[in-house]
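Structure for the following, please:
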Amino acid sequence: MKKAAPAKESGLHSMQSDTNSFDMTAHEAFMMNDLLPMVVGYARSNNHPTEAAALAALAAMVAILSTKGYTVPELSNFVAVFAVTHDAPEGLQ
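Sure, this is the predicted structure:
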């Protein structure tokens, strides 16, 4: 199981609501079973590279979060911390 990014490093400290909602492990099943297959399926059915569809989805999510008050540096930090955790050996995730 992947370890959630520390709130201070990721920019999540500014997010409101139940902090458990911002624990990425709480959403792992959604990401793996729903979101990822949807993006990959869209890319394949429209003859787009998967990365292009993923970037389009990411751009849309960043735009939405920006309108909610999250800054680009906060979002960039979150992505950077999440990527480090994602790339860690399985035992450290």
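
right, and the helix or strand after the longest helix along the chain?
Of all segments of type helix in the chain, defined using DSSP state H, the longest is helix 50-67. Note on helix 50-67: by DSSP states H and E, the next helix or strand toward the C-terminus is helix 72-87.

residues of that following helix that come out buried?
Buried residues in helix 72-87, counted by 16 or more other Cβ atoms under 10 Å: 74, 75, 77, 78, 81, 85. From N, CA and C alone the C-beta is placed, and that goes for glycine too.

Which one of the residues you listed is nearest to residue 31?
If you rank the buried residues of helix 72-87 by distance to residue 31 using Cβ to Cβ, residue 85 comes first, at 13.3 Å.

can you tell me which of the buried residues of helix 72-87 lies nearest to residue 36?
For the buried residues of helix 72-87, the nearest to residue 36 is residue 85 (16.7 Å; Cβ to Cβ).

so what does the longest helix of the chain touch, helix or strand wise?
Applying 3 or more Cβ pairs under 8 Å, 6 or more residues apart in numbering; DSSP states H and E, we find helix 50-67 packed against helix 36-45, helix 72-87.

I appreciate the help and will end here.
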